[in-house]
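Enquirer: I'd like to go over a predicted model; first the sequence, then the structure.
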Amino acid sequence: MTDESHPTDVRMSYRDPLVERLRADGRLQVGRLELLLPQNFGFCWGVDRALAIVEKARHEHSGRRMWLLNSLIHNPRVNTDMRANGIGFLKGEHATEGAMESLTKNDVVIVPAFSAEVEDMQELETRGVDLVDTTCPWVIKPHKRTLKYLREGFTTVIHGTVDHEETRATCSLVQHEGGHYIVVHDLCEAGALGEVLREKIDFGELRRILHPEAFSSGFDAEVHLERIGIINQTTMLASESRAIGDLLRDALLERDGDSGLEENFRDFDTICRATQDNQDAAIAVIDGQPDLFLVVGGYDSSNTKNLARVGDAQNIPSYHVEGPDSVDEVLSFRDRASGEIQRAENWLPQEGPLRVAFTAGASTPDTILGRVIRRVAELAGESLPDSRLTV
C-alpha cells in the first residue's frame, strides 16, 4: 500500500452508512424522531494519520513484536483493535508487566498521537528499539512555542489537564530544557493565578487550589511569574482558552502597566484546528435548540469532554456517553463537573416529537457513533434499518 491509501483504508474500516447519510444531510426524520449531526465531528486528520502510520508499520514490520507506548488515541474500541492486531502496551491500563524492561533492538515501539515524555523517549533510545512516531503535528505546535518561550526567558502557563498525556509530554519537555511551567485546568484556576499576579492572594493559596503536580520542580513565584507565556493543550475548550488568555493579560496589565505587559506577557493559541471546528459545529447545532444533546467518545478523551460542555450554555440536557453500552432505559454518562460515571433515569421523552443532536470526539469511530444513534432510535420507538441508509 502507498502512504496515500492508508488514511482512506483505515477510516473505511470504521465506516457506518447511517453516519455517512447524516454527515451528508445533517438531519434525518424518522417517525417522531429528528436526528441531527453537525458539519464536523468524529475522526480528525491527526487520528486518521496515526491509524494509517500504524497500519503501514504493521505491514513493514510483520513478524516483529510491536508495542504502543500508551493508548494511541483515547477510544476503547480503537485500542481494543490494536491489541487484537497483536500490538502490546508498555504503559497504561493495558500494559504488559515488565514489557519496558524486556525491550530489545528487535522490538518496534509506536509513539502515540499525544507525543511522549522525554524520559520515556530516552529509555526507548537506550534500548535501541525501532520507533514509529505518530505524534500529531498539531501537538508539536505547542512544543515549538514552549521552546521559544524558554529561549526568551518566559515561564509557560499551560491551559490543560495535568494527567493528560499531551500535557505531561509538554511539562516533561519544559523540565528537560531547564524551564518552568504551571498548569491551569479551567477558568477558575486561572482566576486564582490572576489573583496571585495582582498580588491579591499569596502563592501558597494557589498551591492549595491547583493540582499538586501543576507546578514544575523548584517553582519560585517571585521569579517564575515575572514573565509568562500561555499555550493550550490542543484539545481544550477554545472559548475557555481565549478567556484565560484575556484574564491573565488583564492581571499583568494591572500589575505592570502597558509597557510592562509588552515585556512580560505572551499568548499563543495552540488549540487544534479540528478541535475548534468540532466545537464550532456543535455550537451551531445546539443553537437549533434540540431536546437532547449526546456526545459520544472515550471517557478519557479531552476533546470529547469539552464537546460535552457545549450544551451547557443553552441549558440543553447534554450527556457524554462512551458508546452503545451506555445507552439504555437508564443512561450511563460521564458527569462533566465531577468526572464520575453517573446514571440517569427518564432521560429520553417517550411521547411527542423529539429532536436529538449528536456529535463525536475526534477519536470516536463512526461505527460507535452509528450504534449509539440506532440505540436511541430504538429506545424512542423508531426503527433505522440499514437497507434505507446506504449511500
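Expert: Nice, I can see it. Residues are numbered from 1 along each chain as shown.
Enquirer: Which strand in the protein has the most residues?
Expert: strand 354-360 (DSSP state E).
Enquirer: Each with direction, which strands does that strand pair with?
Expert: strand 33-36 (parallel), strand 292-296 (parallel) (DSSP bridges).
Enquirer: got the CA positions of stretch 220-230 in PDB?
Expert: Written as PDB, here are the backbone C-alpha positions of stretch 220-230 (Å, rounded to 0.1, in the frame of the first residue of the first chain):
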ATOM      1  CA  ASP A 220       9.600  30.100  42.600                       C
ATOM      2  CA  ALA A 221       6.600  32.500  42.200                       C
ATOM      3  CA  GLU A 222       8.700  35.700  42.700                       C
ATOM      4  CA  VAL A 223      11.000  34.700  39.900                       C
ATOM      5  CA  HIS A 224       8.900  32.500  37.600                       C
ATOM      6  CA  LEU A 225       5.800  34.600  37.500                       C
ATOM      7  CA  GLU A 226       7.600  37.700  36.300                       C
ATOM      8  CA  ARG A 227       7.200  36.800  32.600                       C
ATOM      9  CA  ILE A 228       4.600  34.300  31.400                       C
ATOM     10  CA  GLY A 229       3.700  32.800  28.100                       C
ATOM     11  CA  ILE A 230       0.400  30.900  27.500                       C
END
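Enquirer: can you give me the helices in the stretch 1-150 of the chain?
Expert: Taking DSSP state H, counting those that start in this stretch to define them, one finds helices in the stretch 1-150 of the chain at 5-12, 17-25, 45-60, 76-84, 99-102, 118-127, 137-151.
Enquirer: Which strands or helices does the longest one pack on?
Expert: Translated: helix 45-60. helix 5-12, strand 108-111, strand 130-133, helix 137-151 (3 or more Cβ pairs under 8 Å, 6 or more residues apart in numbering; DSSP states H and E). C-beta: built from backbone N, CA, C; applies to glycine.
Enquirer: Comparing the strands paired with strand 354-360, which comes out most buried?
Expert: Across these, the average number of neighbours (mean count of other Cβ atoms under 10 Å) peaks for strand 292-296, which reaches a mean of 26.
Enquirer: Quick one: residues in contact with that one.
Expert: Residues from elsewhere that reach strand 292-296, judged by Cβ atoms under 8 Å, 6 or more residues apart in numbering: 282, 285-286, 304, 307-308, 310-311, 316-323, 327, 347-348, 354-361, 364, 368-369, 372, 376.
Enquirer: Show me which residues of the next helix or strand after that strand are buried.
Expert: The helix or strand immediately downstream of strand 292-296 is helix 302-307, counting by DSSP states H and E. For helix 302-307, the neighbour count (16 or more other Cβ atoms under 10 Å) marks Ser302, Asn303, Thr304, Lys305, Asn306, Leu307 as buried.
Enquirer: Please apply the same query to stretch 331-338.
Expert: Leu331, Ser332, Phe333, Arg334, Arg336.
Enquirer: In JSON lines: those, plus pLDDT.
Expert: Putting those into JSON lines (pLDDT from 0 to 100) gives the following:
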{"residue": "Leu331", "pLDDT": "97"}
{"residue": "Ser332", "pLDDT": "97"}
{"residue": "Phe333", "pLDDT": "97"}
{"residue": "Arg334", "pLDDT": "96"}
{"residue": "Arg336", "pLDDT": "86"}
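Enquirer: What is the nearest of these to Gly229?
Expert: Taking Cβ to Cβ as the measure, Gly229 lies nearest Arg336 of these, at 28.7 Å.
Enquirer: Helix, strand or coil: sort out the closest one for me.
Expert: coil (DSSP: H, G, I helix; E, B strand; the rest coil).
Enquirer: closest to Ile158 out of the strands paired with strand 354-360?
Expert: strand 292-296 (24.1 Å).
Enquirer: any idea of the mean pLDDT in that closest one?
Expert: Across strand 292-296, the average pLDDT comes to 96.
Enquirer: Now the closest residue to Val184 other than its chain neighbours: which helix or strand?
Expert: Among residues not flanking Val184 along the chain, Ala190 sits closest, at 4.5 Å (Cβ to Cβ, 6 or more residues apart in numbering). Element membership for Ala190, per DSSP H and E: helix 187-197.
Enquirer: could you point out which element follows that helix?
Expert: helix 203-209.
Enquirer: Before we go further, Asn288 is sitting in a helix, right?
Expert: Quick fix: residue 288 reads Gly, not Asn. No - read with three-state DSSP, Gly288 is coil and lies in no helix.
Enquirer: residues touching it, list them.
Expert: So Gly288 contacts Leu36, Arg355, Ala357 (Cβ under 8 Å, 6+ apart).
Enquirer: I'd guessed the first one sits against Pro290; true?
Expert: This points to Leu36. Yes - counting by Cβ atoms under 8 Å, Leu36 touches Pro290, with 5.8 Å between them.
Enquirer: what sits in contact with each of the two?
Expert: Between them, Leu36 and Pro290 share the contacting residues Arg355, Val356, Ala357, judged by Cβ under 8 Å, 6+ apart.
Enquirer: hmm, back to that, now the longest strand of the chain - C-alpha only, CSV.
Expert: Extracted in CSV, the C-alpha atoms of strand 354-360 (Å, rounded to 0.1, in the frame of the first residue of the first chain):
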residue,chain,number,x,y,z
LEU,A,354,-38.2,14.5,19.7
ARG,A,355,-35.1,16.3,18.3
VAL,A,356,-31.8,14.7,19.3
ALA,A,357,-28.4,16.2,18.3
PHE,A,358,-25.3,14.0,18.3
THR,A,359,-21.6,14.6,17.9
ALA,A,360,-18.5,12.6,18.4
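Enquirer: Next, the angle strand 292-296 makes with the next helix or strand after it.
Expert: Counting by DSSP H and E, the next helix or strand C-terminal to strand 354-360 is helix 366-379. Going by axes from the mean of the first three to the mean of the last three Cα atoms, to 10 degrees, helix 366-379 is angled at 150 degrees with respect to strand 292-296.
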